[in-house]
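Enquirer: Okay, here's the prediction I keep looking at, along with the sequence it came from:
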Amino acid sequence: MAKKNLNSSIQNLMSGLVSTPKEPQNLNPSTLEASISTDTVESPKKRGPKPRKEVTEQISTVVLKSDMEKLRVVCQLEGCAIKDIIGAGISSFLKRYEKKYGEIQVKKSNQGRINDIIDSF
């Protein structure tokens, strides 16, 4: 289904690039001024980042080139983002790990709390 949507999107894009205007517009200066003064130009609304349900963290990692190429193909075919597949893989791994070994206890980090470190001297 995603492949069909991609193909139709590409087809629409290409038809807009290669088609010729149906009627050439002959504008004289008075018509041009009238059209400019009567038309209101609205700026497109800016879309901010989507609110997230959970706090996220950006990471950088290294993977095999062949795996990354395959992942890109899958994402293009399925119409999803690479980050979504990687996130699902991490979540799946952690669920299986916790099922086997028990819940993982995350300790709060002291990193970034410089005032607490200074006050402890």
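Expert: On my side now, so go ahead. Just so it is clear, the structure is predicted and the values come from calculations on it, not from any experiment. Residues are numbered from 1 along each chain as shown.

Enquirer: only C-alpha atoms for contact and neighbour calcs from this point on.
Expert: Fine.

Enquirer: following the lowest-mean-pLDDT helix or strand in the chain, which helix or strand comes up?
Expert: Every helix and strand of the chain was ranked by mean pLDDT, DSSP states H and E. The lowest is helix 29-38, at a mean of 49. Downstream of helix 29-38, the next assigned helix or strand under DSSP states H and E is helix 65-78.

Enquirer: Buried residues of that following helix, list them for me.
Expert: 71, 75 (16 or more other C-alpha atoms under 10 Å).

Enquirer: Show me what that helix is packed up against.
Expert: helix 2-18, helix 82-101 (3 or more C-alpha pairs under 8 Å, 6 or more residues apart in numbering; DSSP states H and E).

Enquirer: I'd like to know the average pLDDT value across that helix.
Expert: Average pLDDT, helix 65-78: 96.

Enquirer: now that helix against helix 82-101, angle please.
Expert: For helix 65-78 against helix 82-101, the angle by axes from the mean of the first three to the mean of the last three C-alpha atoms, to 10 degrees is 110 degrees.

Enquirer: C-alpha coordinates for helix 65-78, CSV please?
Expert: What follows is helix 65-78, C-alpha atoms only, in CSV (Å, rounded to 0.1, in the frame of the first residue of the first chain):
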residue,chain,number,x,y,z
LYS,A,65,26.2,-0.6,6.0
SER,A,66,24.3,-3.5,4.5
ASP,A,67,21.8,-3.5,7.4
MET,A,68,21.3,0.3,7.1
GLU,A,69,20.7,0.0,3.3
LYS,A,70,18.1,-2.8,3.9
LEU,A,71,16.5,-0.7,6.7
ARG,A,72,16.1,2.3,4.4
VAL,A,73,14.4,0.1,1.7
VAL,A,74,12.0,-1.4,4.3
CYS,A,75,11.2,2.1,5.6
GLN,A,76,10.5,3.4,2.1
LEU,A,77,8.3,0.4,1.3
GLU,A,78,6.4,0.5,4.6
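
Enquirer: For the protein, which residues score under the pLDDT cut-off?
Expert: Applying pLDDT under 70 to the chain flags residues 1-50, 52, 110-112, 117, 120-121.

Enquirer: ok, 90 please
Expert: Within the chain, the set of residues satisfying pLDDT under 90 comprises 1-57, 106-121.
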